[in-house]
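*Asks:* sequence and computational prediction follow.
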Amino acid sequence: EAQVTQNPRYLITVTGKKLTVTCSQNMNHEYMSWYRQDPGLGLRQIYYSMNVEVTDKGDVPEGYKVSRKEKRNFPLILESPSPNQTSLYFCASSLGRATIVYEQYFGPGTRLTVT
Amino acid sequence: DAKTTQPPSMDCAEGRAANLPCNHSTISGNEYVYWYRQIHSQGPQYIIHGLKNNETNEMASLIITEDRKSSTLILPHATLRDTAVYYCIVPGSLNAGKSTFGDGTTLTVKP
């Protein structure tokens, strides 16, 4: 089944403890992206990657890192999480060719709480 | 990205057509319009996209005005399961990787 998977689905952690949220897709998509969603603020893009080894900032990249070492995986790294990073996180992938990004397929979400 | 404007909320009676408008007056000639929806806190789901011509698939129809400055997503026979937030986005042609979803329209289908 074609899908985007995220792990973990739920995570409660403490301030400053490094964490990684994994994202994997099995559709051979070139494009991948991370979003966060907060009440009243909608869906905001954190980082995206047009292809392997190519990443770029979205609208809210501060406090996050990403890497794209292989096509199927796009982990989101929080080096020193803070309570304002408590949010619902979504990973997405898309065919994406050159400057075109086609429809995006989203993962189920990761609900992160930082205390 | 071309900026999009959608009404914050709409209601629709079950079984009726739901018509969700989107304004994208700054759209460029080669930019597509995409529609997604999000049910509760699930991951957004792609619905349909178009460039100039009207499009239809098993989920919905998309009507794009001739000047391409606005579009309407039509759910022909809305069901309670169509209650969701609907997003209209226009990924930029110069920076296609950036996606701005905005606040969308909360559609409530009522029995």
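*Replies:* Everything's here; your move. Numbers count the residues shown, from 1 in each chain, chains lettered A, B, ... in the order given.
*Asks:* and the residue of chain B closest to chain A?
*Replies:* Closest approach between chain B and chain A, counting by C-beta to the nearest C-beta: B:Gly43, at 3.2 Å. C-beta coordinates here come from the backbone N, C-alpha and C atoms, glycine included.
*Asks:* now do the same contact list for that residue.
*Replies:* Residues near B:Gly43 by C-beta atoms under 8 Å, 6 or more residues apart in numbering or on different chains: A:4, A:90, A:92, A:106-109.
*Asks:* going by distance to chain B, which of those residues wins?
*Replies:* Of all these, chain B sits closest to A:Phe106, with 3.2 Å by C-beta to the nearest C-beta.
*Asks:* please name the nearest non-neighbouring residue to that closest one.
*Replies:* B:Gly43 (3.2 Å; C-beta to C-beta, 6 or more residues apart in numbering or on different chains).
*Asks:* need the three-state assignment for that neighbour.
*Replies:* Classification of B:Gly43 by DSSP: H, G, I helix; E, B strand; the rest coil places it in coil.
*Asks:* now a ChimeraX select for only the buried ones of the contacts of B:Gly43.
*Replies:* Only the buried members of the contacts of B:Gly43 enter the following ChimeraX selection, criterion being 16 or more other C-beta atoms under 10 Å in any protein chain shown:
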select /A:4,90,92,106,107,109
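*Asks:* now, which of the contacts of B:Gly43 lie within helices?
*Replies:* Among the contacts of B:Gly43, no member falls in helices (DSSP state H).
*Asks:* and the contacts of B:Gly43 as a markdown table, adding pLDDT?
*Replies:* Listed next are these as a markdown table, based on pLDDT from 0 to 100:
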| residue | pLDDT |
| --- | --- |
| A:Val4 | 97 |
| A:Phe90 | 97 |
| A:Ala92 | 95 |
| A:Phe106 | 95 |
| A:Gly107 | 97 |
| A:Pro108 | 96 |
| A:Gly109 | 97 |
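*Asks:* for the contacts of B:Gly43, which one is nearest A:Ser24?
*Replies:* Each of the contacts of B:Gly43 was scored against A:Ser24 by C-beta to C-beta, and A:Val4 proved nearest at 7.3 Å.
*Asks:* now do that closest one against A:Ser82, distance only.
*Replies:* Summarising the geometry, the distance separating A:Val4 from A:Ser82, computed by C-beta to C-beta, to the nearest Å, is 26 Å.
*Asks:* quick check: residues of chain A near chain B?
*Replies:* By the criterion of C-beta under 8 Å from any C-beta of the partner chain, the positions of chain A lying close to chain B are A:4, A:31, A:33, A:35, A:37, A:42-45, A:48-50, A:56, A:58-59, A:88, A:90, A:92, A:96, A:99-109, A:111.
*Asks:* could you flag which of these are buried?
*Replies:* Buried by 16+ other C-beta under 10 Å: A:4, A:31, A:33, A:35, A:37, A:42-45, A:48-50, A:58, A:88, A:90, A:92, A:96, A:101-107, A:109, out of the residues of chain A next to chain B.
*Asks:* please, which helix or strand holds A:Ile77?
*Replies:* Under the assignment given by DSSP states H and E, the secondary-structure element containing A:Ile77 is strand A:76-78.
*Asks:* show me what contacts the residue nearest to A:Arg9 when sequence neighbours are not counted?
*Replies:* Ranked by C-beta to C-beta, 6+ apart and with sequence neighbours excluded, the top spatial neighbour of A:Arg9 is A:Thr110, at 5.9 Å. Residues touching A:Thr110, when contacts are defined by C-beta under 8 Å, 6+ apart, comprise A:6-11, A:21, A:88-90.
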